[in-house]
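Engineer: fold the stuff below for me.
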Amino acid sequence: MSQYQENATIIRLEQLTGENVRLTLQSEKIAEIAKPGQFVMIKTATGKDPILRRPFSIHQTSKNGRIQILFKVTGRGTGLLAHSRVGETLSVFGPLGHGFDIKADKPACLVGGGMGIAPMLFLAKHLCRVKKDVASDIILFGGRTKIEVEPLVADFEQLGIRLTAATDDGTYGKKGFVTDLIKIAGLAKDTVVYGCGPEGMMKELHLYCDSKKLECQVSVESVMACGMGACLGCNIPSKDGGYVHVCYEGPVFNAEELVWK
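Structural biologist: Prediction:
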């Protein structure tokens with residue numbers, strides 16, 4: 001699997017909410033070979049502080065050599081990234097990791113919670129390209145409140161895939177959790193579920209899919225320093241009693257392979 005380190009120019013920076021930011025980068029080599037579910041490591045500042053790159057799932061790519069990331073400001077690194085300027089360059093390394101194992105001949109259910117919505121746009125666009133018909137597919141979104149979910153909906157609606165949303169406070173879509181939506185979605189028995197979100201959400205997703213004998217693939221978030229398995233910082237326990245590296249054996253796994261606490 002090929003990876004590239006590129007000095008990517010910032011094309012656009014969108015402040016979607018007070019905390020959520022979407023960044024568009026000119027990164028031809030990475031955009032050309034990236035697959036849904038993969039991620040990039042970005043150096044968020046030109047100096048040595050912070051010294052380590054930060055991992056970001058790929059939100060989408062374009063034919064003109066651009067990639068997008070969607071992130072929430074949670075610390076110094078993402079704070080610096082959120083205050084970048086159009087025209088500046090960032091050192092980007094990728095694409096990294098194992099993406100979604102897409103089953104083009106089966107119905108798909110995409111489930112994103114919070115920032116777990118980020119990789120779902122790339123996946124949804126890919127499904128529209130490789131499938132003859134997406135009428136049986138569905139996208140389920142979840143977030144804390146309207147402001148977290150609504151700015152992302154338009155990009156998905158234009159794809160023509162059914163979309164249902166839920167918010168914790170009921171200010172957008174149905175009141176409740178995204179895992180409540182899948183229980184009433186009426187999924188076909190051969191549906192493949194693709195999920196990304198908080199660990200608690202993905203555990204519930206796994207339990208539901210396991211009870212219905214549905215294939216469930218989940219994209220896992222983890223702290224990591226290198227993105228290539230050298231630092232061993234992203235090891236998580238697996239069902240076979242060992243450990244797996246999120247960075248290169250994931251971030252996408254079959255949910256049944258992992259230990260859910």
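Engineer: so, low pLDDT: which residues of the stretch 1-150 of the chain?
Structural biologist: Residue ranges of the stretch 1-150 of the chain with pLDDT under 70: 1.
Engineer: what about the helices in it?
Structural biologist: 28-33, 76-82, 118-130, 146-157 (DSSP state H, counting those that start in this stretch).
Engineer: just the buried positions in the second one, please.
Structural biologist: Applying a neighbour-count criterion of 16 or more other Cβ atoms under 10 Å, one finds Gly77, Thr78, Leu80, Leu81, Ala82 buried in helix 76-82. Using the backbone N, CA and C atoms, a C-beta is placed for each residue, glycine as well.
Engineer: what sits up against that helix?
Structural biologist: Applying Cβ atoms under 8 Å, 6 or more residues apart in numbering, the external contacts of helix 76-82 come out as 13, 15, 21, 23, 42, 44-45, 49-50, 52, 54, 71-73, 90.
Engineer: with only the CA atoms kept, save it in CSV.
Structural biologist: What follows is helix 76-82, C-alpha atoms only, in CSV (Å, rounded to 0.1, in the frame of the first residue of the first chain):
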residue,chain,number,x,y,z
ARG,A,76,-3.7,22.5,21.2
GLY,A,77,-3.0,20.7,17.9
THR,A,78,-6.6,20.9,16.5
GLY,A,79,-6.8,24.5,17.9
LEU,A,80,-3.8,25.5,15.8
LEU,A,81,-5.2,23.7,12.8
ALA,A,82,-8.5,25.6,13.2
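Engineer: check the offset of it from the chain's centre.
Structural biologist: Distance of helix 76-82 from its chain centroid, counting by Cα atoms, centre = their mean, to the nearest Å, is 19 Å.
Engineer: same question, the shortest one
Structural biologist: Between the centre of helix 28-33 and the centre of its host chain there is 18 Å, according to Cα atoms, centre = their mean.
Engineer: likewise for the longest one?
Structural biologist: On the basis of Cα atoms, centre = their mean, helix 118-130 is displaced by 11 Å from the centre of the chain it belongs to.
Engineer: ok, stretch 253-261 next?
Structural biologist: 17 Å.
Engineer: show me which residues of that stretch are buried.
Structural biologist: Phe253, Ala255, Leu258, Trp260.
Engineer: how close does the first one get to Cys247?
Structural biologist: Phe253 sits 12 Å away from Cys247 when distances are taken as Cβ to Cβ, to the nearest Å.
Engineer: same question for Gly65.
Structural biologist: 24 Å.
Engineer: please say which of those two ends up with more neighbours.
Structural biologist: Cys247 (26 against 17; other Cβ atoms under 10 Å).
Engineer: and of the buried residues of helix 76-82, the nearest to Gly94?
Structural biologist: Nearest to Gly94 out of those is Leu81 (Cβ to Cβ; 15.2 Å).
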